[in-house]
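Undergrad: predicted coordinates and the sequence they were generated for:
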Amino acid sequence: MGTILITTSSFAAGTPELLDDLKDRGFPYVLNPYGRVLTGDELVGLLDRHRPVGILAGTERIDGAVLGAAKDHLRVISRVGVGWDNVDLAAAAALGIRVYRTEHVLTQAVAELTLGMILSALRNLAGHDRRLREARWQKQMGSLLAGKLLGIIGFGAIGQRVGTLARTFGAEVIYYDPCPQAAVTWAGPVSRAELMERAEIISLHAGGREVIMGDGELKSCRRGVILINTARGTLVDERALVRHLASGQVGFACLDVFEQEPYAGPLLAFDNVLLTPHIGSYAREARAEMESRALANLYRGLKETGCL
């Protein structure tokens, strides 16, 4: 039947029965041996060594060169995630490789993490915790979410869910969507420039890999803005963010995603920063559903291509 390459490093950590299912169906599998996002060379090496018919894929870049190296044997890529902007879809289609993703499954998980970050930033919970562990009983005045103006960039399912949760706390919500959603029924879309100028909190939920919060955008924000990124690490220019945190232009930043992961950069030195290691999907219920759907998509693709 062929081998399955599992590149997402945490696959089945809480759902070992999924690996048993692969085995029961006669598919040997290979796990990510590096325990992190693969480089292009590492991925090509694994593809060449094991010649898989399918990939349960993480966030590693799967470009035309990678696909070309696997064109003789690879039939299906099933993303364990809601996006597929890390896959060259045109190249995959040209080679007859089917690509799937698990849409909408992480909406609640990412939205709840985002809300937790907003609340933590407003009261600097992480900073208070660090100081107390250092035997410093120091209190810093915080703020309420009620009455704050939250600006959301990217207003798909996750962005809308964040807006709904924030409204229950009494926040006002405005949004800008680079790719407007036909199904949006919310009032209040604004231009990106207006959102930057007015919002006290900005939360990023856009797709793509282009920087949308660079030096110029951060300069144009309201002074002391709180910036949240649980979407894509490439959306924020981290070097510019460091400068604007140091100057006070950005009052607080919460990041779950980074340009380079694992992250080990200068943001670690700031007290007004909350960093998490890409845990947006790491709610047990959401993760189990996402992995189950990804495996079902893999089987669907293998069946449609005659490999099952």
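TA: Done, it's in.
Undergrad: any idea of the pLDDT on residue 10?
TA: Looking at residue 10, its pLDDT is 89.
Undergrad: how close does it sit to residue 113?
TA: Using CB to CB, to the nearest Å, one gets 16 Å for the distance from residue 10 to residue 113. Just so you know, the C-beta spots here come from the backbone N, C-alpha and C atoms, and that holds for glycine as well.
Undergrad: now do residue 129
TA: Counting by CB to CB, the gap from residue 129 to residue 113 is 17 Å.
Undergrad: neighbour count winner among the two?
TA: residue 113 (22 against 11; other CB atoms under 10 Å).
Undergrad: domains in this protein, by residue range?
TA: Following the assignment in automatic domain parsing, the chain carries domains at 4-105+284-304, 107-275.
Undergrad: and the strands in the stretch 151-300 of the chain?
TA: Counting by DSSP state E, counting those that start in this stretch, one finds strands in the stretch 151-300 of the chain at the ranges 172-176, 201-204, 225-229, 250-255, 273-275.
Undergrad: would you mind giving these as CSV with mean pLDDT, mean neighbour count and distance to residue 149 added?
TA: CSV is the format used below for the strands of the stretch 151-300 of the chain (pLDDT from 0 to 100; neighbours: other CB atoms under 10 Å; distance: least, CB to CB, whole Å):
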stretch, mean pLDDT, mean neighbour count, distance to residue 149
strand 172-176, 96, 21, 5
strand 201-204, 98, 26, 7
strand 225-229, 98, 24, 10
strand 250-255, 98, 24, 14
strand 273-275, 98, 19, 20
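Undergrad: could these go into JSON lines alongside distance to residue 36?
TA: As requested, the strands of the stretch 151-300 of the chain are exported to JSON lines (distance: least, CB to CB, whole Å):
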{"stretch": "strand 172-176", "distance to residue 36": "33"}
{"stretch": "strand 201-204", "distance to residue 36": "23"}
{"stretch": "strand 225-229", "distance to residue 36": "20"}
{"stretch": "strand 250-255", "distance to residue 36": "17"}
{"stretch": "strand 273-275", "distance to residue 36": "16"}
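Undergrad: for those strands, which one sits closest to residue 89?
TA: strand 201-204 (22.7 Å; CB to CB).
Undergrad: mind listing what the closest one pairs with, with the direction of each?
TA: Here strand 201-204 has these sheet partners by DSSP bridges: strand 149-153 (parallel), strand 225-229 (parallel).
Undergrad: ok, residues contacting the first one?
TA: By CB atoms under 8 Å, 6 or more residues apart in numbering, the surrounding residues in contact with strand 149-153 are 118, 159, 162-163, 166, 171-178, 190, 192, 195-196, 198-206, 212.
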